[in-house]
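Asks: Build me a model:
(one chain, ligands or ions: 1)
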Amino acid sequence: MPDRRALVVGLVLGLAAIAGPAGGVSAQENAQAKLPVVASFSILADFVRQVGGDRVGVTSLVGPDGDAHVYSPTPADAKALSAAKLVFINGLHLEGWLPRLVKSSGTKAALVTATKGIEPIEAAEQEHAGKGGHGHAHGHDDPHAWQSIANAKVYVANIRDALAAADPAGKAVYDANAAAYLARLDATEAEVKAAVARIPAQRRKAITTHDAFGYFVKAYGIEFLAPQGVSTEAEASARDVARIIRQIKAQKVPAVFLENITNPRLIEQIARESGARIGGELYSDALSAASGPAGTYIDMMKHNISEIEKALAAGPA
Ligand code: ZN
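Replies: Here you go, the predicted structure:
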């Protein structure tokens, strides 16, 4: 329940929004009145929008269905950064391309690491014959912390505190928005856990292209294997693919999943050679377009668990 103060502030903001255009304030001036912030990728941008509401104007650098591991910033990104008061990043080595962009943009914005306080899990060691000799997936932190809803709540708390520090007049609004959103995250997590409980224990395993579900595995007990490591920078080697196909057969893995950010070819090949069926498309590192099935983080988590349950819950043992 929003408290009375938040309601009053909301009402005043609402009146201001109504009074704005009538009072001759252009839409552009209204947009400029919002706190300009940047988020490095779409999932993080959604968290910031949920907490910031109407007070904050959010620009996402990597957009829907984009790959935040590998990204080529544009001149518009540098412009958004230099205008921003805050820049929200995931950290845990997700955005290797960002430090250079921050530097070249000359931004004075405070950098906020949204995973601060989250206990990182270590990426499984991966054998890589990646192009360019990148094979650096050895024992570093897994960046996909958002795949646990408990972690998403830490992101939200960090965002709330950073917004309130940058815009103290909005604190009551940010507190109320965050509280309402945290309650929705709790409800979503309960749905995910209930869905997992409906999947027979011996069928709680699946394959994705890259190793994006480590936190999901740890939080919800579905085992995910991937031929590619925690980053999409290095390609899976023939040996990685052969190993996965052997594991699918030996462990009777019921399904393989496509990911919205990766090329479907590898998973299609693995399905063909292992006999596992393709269970659908999971949103691992990016939301869909607003009109798609995963336009927000909560819709993404609901879509993913629904696809996982459909593919794993029933079928030949
Ligand atoms: Zn990833």
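Asks: hey, let's count contacts and neighbours off CA atoms from now on
Replies: Will do.
Asks: Wasn't Pro120 part of a strand?
Replies: No: with DSSP: H, G, I helix; E, B strand; the rest coil as the criterion, Pro120 is coil rather than part of a strand.
Asks: these two touch, right, it and Trp146?
Replies: No: between Pro120 and Trp146 there is no contact under Cα atoms under 8 Å: 11.0 Å.
Asks: Please say which of those two ends up with more neighbours.
Replies: Legend: neighbour count by other Cα atoms under 10 Å for Pro120 and Trp146, higher for Trp146 (25 against 17).
Asks: so where's the stretch 51-200 of the chain shaky on pLDDT?
Replies: 124-139 (pLDDT under 70).
Asks: give me that answer again for 90
Replies: 123-140 (pLDDT under 90).
Asks: which residues in it form strands?
Replies: Ranges of strands within the stretch 51-200 of the chain are 56-62, 86-89, 110-113, based on DSSP state E, counting those that start in this stretch.
Asks: list the helices and strands the longest one packs on?
Replies: What it means is strand 56-62. When contacts are defined as 3 or more Cα pairs under 8 Å, 6 or more residues apart in numbering; DSSP states H and E, strand 56-62 sits against strand 35-41, helix 42-52.
Asks: May I see these organised as JSON lines, with mean neighbour count and distance to Asp211 added?
Replies: Below are these laid out as JSON lines (neighbours: other Cα atoms under 10 Å; distance: least, Cα to Cα, whole Å):
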{"stretch": "strand 35-41", "mean neighbour count": "24", "distance to Asp211": "18"}
{"stretch": "helix 42-52", "mean neighbour count": "25", "distance to Asp211": "17"}
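Asks: Average pLDDT for stretch 303-313, rounded please.
Replies: Averaged over stretch 303-313, pLDDT sits at 96.
Asks: Please identify the buried residues of that stretch?
Replies: 303-309, 311-313 (16 or more other Cα atoms under 10 Å).
Asks: and for it, what are the contacting residues?
Replies: Here stretch 303-313 makes contact (Cα atoms under 8 Å, 6 or more residues apart in numbering) with 192, 195-196, 198-200, 203-205, 254-255, 279-283, 293-294.
Asks: if we go to 10 Å?
Replies: If you take Cα atoms under 10 Å, 6 or more residues apart in numbering as the criterion, stretch 303-313 is touched by 191-206, 222, 253-257, 277-284, 293-294, 297-298, 300-302.
Asks: In ChimeraX, select just the buried ones from these.
Replies: In ChimeraX, this line selects whichever of the contacts of stretch 303-313 come out buried by 16+ other Cα under 10 Å:
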select :191,192,195,196,199,203,204,205,206,222,253,254,255,256,257,277,278,279,280,281,282,283,284,294,297,298,300,301,302
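Asks: Out of the strands of the stretch 51-200 of the chain, which one sits most buried?
Replies: When you average the neighbours per residue for each of the strands of the stretch 51-200 of the chain (mean count of other Cα atoms under 10 Å), strand 86-89 leads with a mean of 24.
Asks: From the contact counts, what lies against it?
Replies: Packing partners of strand 86-89 (3 or more Cα pairs under 10 Å, 6 or more residues apart in numbering; DSSP states H and E): strand 35-41, helix 42-52, strand 56-62, strand 110-113, helix 149-166.
Asks: rerun at 6 Å
Replies: strand 35-41, strand 110-113 (3 or more Cα pairs under 6 Å, 6 or more residues apart in numbering; DSSP states H and E).
Asks: Name every strand pairing with the shortest one and say which way it goes.
Replies: If I follow you right, that is strand 110-113. According to DSSP bridges, strand 110-113 forms sheet pairs with strand 86-89 (parallel).
Asks: Can you give the contact residues for the strand it pairs with?
Replies: 37-40, 109-113 (Cα atoms under 6 Å, 6 or more residues apart in numbering).
Asks: same question, stretch 270-277
Replies: The contact list for stretch 270-277, computed with Cα under 6 Å, 6+ apart, reads 245, 254-255.
Asks: Swap in 10 Å and give it another go.
Replies: 206-207, 209, 227, 241-242, 244-249, 252-257, 265-269, 278-279, 311.
Asks: hang on, the earlier thing: any idea which of the strands of the stretch 51-200 of the chain gets closest to Leu98?
Replies: strand 86-89 (8.8 Å; Cα to Cα).
Asks: How far away from the center of its chain is the closest one?
Replies: 14 Å (Cα atoms, centre = their mean, to the nearest Å).
Asks: again, but for stretch 255-275
Replies: 21 Å.
Asks: try stretch 296-306
Replies: Put simply, stretch 296-306 sits 11 Å off its chain's centre (Cα atoms, centre = their mean).
Asks: Any figure for the gap between the closest residue in space to Thr113 that isn't next to it in sequence and Val62?
Replies: Excluding the flanking residues, the one nearest Thr113 by Cα to Cα, 6 or more residues apart in numbering is Ile89, at 5.1 Å. Distance, Ile89 to Val62, using Cα to Cα, to the nearest Å: 11 Å.
Asks: Cool, thanks, talk later.
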